[in-house]
Each structure stands twice: as structure tokens, then as C-alpha cells.
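>>> fold the following, please.
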Amino acid sequence: MEGKTGDRVTIKGVYKCKEHPDSTKNFDKGKVFLPCCRAGSHGTVWVLVRKMA
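Down below sits the predicted model:
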């Protein structure tokens, strides 16, 4: 599952930035994907690493 900055999260979990795989963030279902905080904050594609209940 992937989502880009500004999209709504459909699966709660831990996501990694496609450009900076060491940058991870927890997102709750229904929230908006935020920009990556690396490299001065940039829009990105977030890739689901692990689902959370």
C-alpha cells in the first residue's frame, strides 16, 4: 500500500518515505499523509511497512 503527501490514510500503520527509506512515520487511518521531514521537508510517496491494529 502506498499513499502520497496530501492523500488520506486508508490503513493505519508504519510508513517509510520512498526517497528516504530510513525516515519512517506512524499514520492513523483517516489522517492525511504529511511531508517527509528529511531534506527540508518535501512531498513524497509513503510506503506501508507494517500494519497496526
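>>> who does the residue most central in space within the chain form a beta bridge with?
Closest to where the C-alpha atoms of the chain average out (Cα atoms, centre = their mean) is residue 46, at 3.7 Å. Counting by DSSP bridges, residue 46 is bridged to residue 3, residue 17.
>>> and it, how close does it get to residue 37?
12 Å (Cβ to Cβ, to the nearest Å). Backbone N, C-alpha and C define where each C-beta goes, glycine included.
>>> hang on, the earlier thing: wait, the residue nearest to the centre of the chain sits on residue 3?
Yes - taking Cβ atoms under 8 Å as the definition, residue 46 is a contact partner of residue 3 at 5.3 Å.
>>> find residues that contact each of those two.
Jointly contacting residue 46 and residue 3 under the rule Cβ atoms under 8 Å, 6 or more residues apart in numbering are 15, 33.
>>> need the pLDDT of residue 39.
As summarised for this prediction, residue 39 has a pLDDT of 82.
>>> so where's this structure uncertain?
The chain contains no residues with pLDDT under 70.
>>> show me where it has helices.
Counting by DSSP state H, the chain has no helices at all.
>>> can you map out the strands along it?
Shown for the chain, the strands assigned by DSSP state E span residues 2-4, 13-17, 24-27, 45-51.
>>> which of the ones you listed sits most buried?
Of those, the one with the most neighbours on average (mean count of other Cβ atoms under 10 Å) is strand 13-17, at a mean of 19.
>>> now the angle from it to strand 45-51?
Per axes from the mean of the first three to the mean of the last three Cα atoms, to 10 degrees, the angle that strand 13-17 makes with strand 45-51 is 140 degrees.
>>> that older thread, redo the strands of the chain as JSON lines? Include distance to residue 33.
Putting those into JSON lines (distance: least, Cβ to Cβ, whole Å) gives the following:
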{"stretch": "strand 2-4", "distance to residue 33": "5"}
{"stretch": "strand 13-17", "distance to residue 33": "8"}
{"stretch": "strand 24-27", "distance to residue 33": "6"}
{"stretch": "strand 45-51", "distance to residue 33": "5"}
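>>> so what's residue 49 up against?
13-16, 24.
>>> sorry, slip of the keys, the one I care about is residue 24.
Contacts for residue 24 (Cβ under 8 Å, 6+ apart) come out as 14-17, 49.
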